[in-house]
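Trainee: here is the input, now give the coordinates:
(2 chains)
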2 protein chains.
Amino acid sequence: MIKTPYLLFLGDAPDQLAAKVARGIRDWRPENVVGQFRLDGCKADVGVPDMSLEEAWEQGARTLVIGVANRGGIISQGWKAVLHQALDMGYDLASGLHNLLRDEEDLVAVSKSAGRTLHDVRIPSVKYPIASGVRRTGKRCLAVGTDCSVGKMYTALCMEKAMREKGMNATFRATGQTGILITGDGVPLDAVIADFMAGSIEYLTPDNDPGHWDLIEGQGSLFHASYSGVTMALVHGGQPDALILCDEPGRPHMRGLPDYKLPSLEQVRDMALSLARIVNPACQVVGVSLNTSAMGEDEAVEYCRMVEKRLGLPTTDPFRHGAHRLADALQAL
Amino acid sequence: MIKTPYLLFLGDAPDQLAAKVARGIRDWRPENVVGQFRLDGCKADVGVPDMSLEEAWEQGARTLVIGVANRGGIISQGWKAVLHQALDMGYDLASGLHNLLRDEEDLVAVSKSAGRTLHDVRIPSVKYPIASGVRRTGKRCLAVGTDCSVGKMYTALCMEKAMREKGMNATFRATGQTGILITGDGVPLDAVIADFMAGSIEYLTPDNDPGHWDLIEGQGSLFHASYSGVTMALVHGGQPDALILCDEPGRPHMRGLPDYKLPSLEQVRDMALSLARIVNPACQVVGVSLNTSAMGEDEAVEYCRMVEKRLGLPTTDPFRHGAHRLADALQAL
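Mentor: Numbering: from 1, shown residues only, chains lettered A, B, ... in the order given. The predicted model follows:
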């Protein structure tokens, strides 16, 4: 687990998009953020106070999170002076970059002499078990998508927020790098060894109170030729009681696979449900989450209404219009 | 790739079963075996000439394969003198044990100074690509099972043999440790990083002649809560043209999962076919392979006949009665 609260390191981000991870943390776990640290020329701003390492330390910050991705996902030499100083002051470092903190000899040396921890959230830090398939107490909801990157993480985070607002007991469970940095914990599923994938999800979503919901971040798609095995492990390791179908309307083909059309929501529903019921015969599909960011407001509302009628399931863009109806659907189960 | 031919190291195997891997190599690739090396007290014999390291070297052997598994899968101290001598003479070593050759400091030191290679076939030796989903030339057949360890490897090996006897162009493609030691090459799929599973199978079964068949060793089961993601990667990475359904009748529950009954062959057929057709719409289920080793001869014949009638597919125990009818079914496609 990564120590909170964080100081968000934006470095010399060339634009807002480069600070997407920092933005995600600010949006979803504002209580974990004391401020941002920007180098000269930084073009990003996630709307929290600019702070020096000393100021943030006094505010309680204990981890400097690299919330910026430059081209190639590398750790820039221009960042090093700040990263060294942070380690010397007592900060841990956390990063989701491809270029691992632990592969930088100078960072390893400084962190060792300072007694600090380098968190590379792309790499599992735990030896996961083989999945047992045994039923756990508490309830679990999994977002399954027509494709990669259709909004499964945002769906789960929006649902967590809506459920907590209703007084429900809900926990977002991160399975990817951004989600892990947002929450400080989780399983980097795409980097887990094949035999332990389903077991890592059992580990992530253990026994809990009967009324508690885990909202498991989905990955890939059962219909995606590159990553379907990862999705399968989520379905069987997660043992979901409820599935949310996720889609981004209008995609011309599966992400990275120009020869593959997206499946229909009906195909995803039928396939995911057949597979989930192997481990949880009571599993239900309870709603649809659409990423309508490319549509105007009227078009988005009309599209959701049309899908809702077609599938007979509560349908919403949870980021645009809130996830209350999806939360209601879980509560009604 | 592991250099052939092999000298099979049986060590101090306490019984025949402990030399299962050596036996598999002898059964399926006799042309790769010059002899066996046994220590005092060895209770196994795979039916090839006993040889010293020197005799085998003269016969052309270039790899000493550890064909024995003792309790815990460890590398016994009592084997070390022979392993050192083999490395000094010019042999590579190959092992599928949990205890890796590369984790033994003395073996690493001797192999380095002798310029030899230590092959730990449990660990991928290649950086596999992400799967592209692009269709390849040539044909592929995948064995899918109701459960783990129902005979998928033996089915594929028997089919390769029967197809070669018919003059067909066929290659067994190993996806597990024993298969890799048998053939000298393959992908240890259960040890591959999640994101690269399907890509490793594309790598294993590349473009080939239009009439060539890859016979892909199956792993796990789509219905096995612990390993279904691994199986999924085989279905989507393998893009099979043909599926063979494998079962061992009479199992009380899924292997390692006492709460789970085995699916029916019909359920495996329907699920595997729906998933395979995402990547290869022409995929067909062409036959059934039953492991009848627990049955008497009459019972086995009658059981196969009954399943054949029920599913309307050629059904056989290929290890007991040959795989000719499964080979015919592929040829007829």
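Trainee: if you average the pLDDT over stretch A:2-17, what comes out?
Mentor: For stretch A:2-17, the mean per-residue pLDDT is 95.
Trainee: roughly how far is it from the heart of the chain?
Mentor: Here the centre of stretch A:2-17 is set off from its chain's centre by 16 Å, with Cα atoms, centre = their mean, to the nearest Å.
Trainee: residues of that stretch that come out buried?
Mentor: Neighbour counts over stretch A:2-17 (16 or more other Cβ atoms under 10 Å in any protein chain shown) mark A:Ile2, A:Thr4, A:Pro5, A:Tyr6, A:Leu7, A:Leu8, A:Phe9, A:Leu10, A:Gly11, A:Asp12, A:Ala13 as buried. For glycine as for every other residue, the C-beta is placed from the backbone atoms N, C-alpha and C.
Trainee: now for those, which pair is the farthest apart?
Mentor: Using Cβ to Cβ, the buried residues of stretch A:2-17 reach their maximum pairwise distance at A:Thr4 and A:Asp12, which is 24.9 Å.
Trainee: got a list of what A:Asp120 touches?
Mentor: By Cβ atoms under 8 Å, 6 or more residues apart in numbering or on different chains, the contact set of A:Asp120 is A:Ser95, A:Gly96, A:Leu100, A:Leu101, A:Arg102.
Trainee: do you know how far the nearest residue to the second one once chain neighbours are set aside is from A:Lys127?
Mentor: The one in question is A:Gly96. Distances taken as Cβ to Cβ, 6 or more residues apart in numbering or on different chains put A:Gln177 closest to A:Gly96, at 3.5 Å, once the chain neighbours are dropped. The gap separating A:Gln177 from A:Lys127 is 19 Å, by Cβ to Cβ, to the nearest Å.
Trainee: same question, A:Lys112
Mentor: Applying Cβ to Cβ, the value for A:Lys112 to A:Lys127 is 22 Å.
Trainee: cool, and A:Val150?
Mentor: Look at A:Val150 and A:Lys127: by Cβ to Cβ, they are 32 Å apart.
Trainee: cool, and A:Tyr227?
Mentor: Note on A:Tyr227: its distance to A:Lys127, by Cβ to Cβ, is 23 Å.
Trainee: the stretch 1-150 of chain A: helices as residue ranges?
Mentor: With helices called from DSSP state H, counting those that start in this stretch, the stretch 1-150 of chain A shows them at A:20-28, A:53-58, A:80-89, A:105-114.
Trainee: pull out the buried residues from the last one.
Mentor: Neighbour-count burial for helix A:105-114 flags A:Leu107, A:Val110, A:Ser111, A:Ala114 (criterion: 16+ other Cβ under 10 Å).
Trainee: so which elements touch that helix?
Mentor: Here helix A:105-114 touches helix A:80-89, strand A:118-120, going by 3 or more Cβ pairs under 8 Å, 6 or more residues apart in numbering or on different chains; DSSP states H and E.
Trainee: show residues contacting that helix.
Mentor: With Cβ under 8 Å, 6+ apart as the test, helix A:105-114 has contacts from A:75, A:80, A:83-84, A:87-88, A:90, A:93, A:101-102, A:116-118.
Trainee: in TSV: the buried residues of stretch A:2-17, plus distance to A:Ala194.
Mentor: Formatted as TSV, the buried residues of stretch A:2-17 follow (distance: Cβ to Cβ, whole Å):
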residue	distance to A:Ala194
A:Ile2	26
A:Thr4	32
A:Pro5	36
A:Tyr6	32
A:Leu7	37
A:Leu8	34
A:Phe9	34
A:Leu10	36
A:Gly11	35
A:Asp12	38
A:Ala13	35
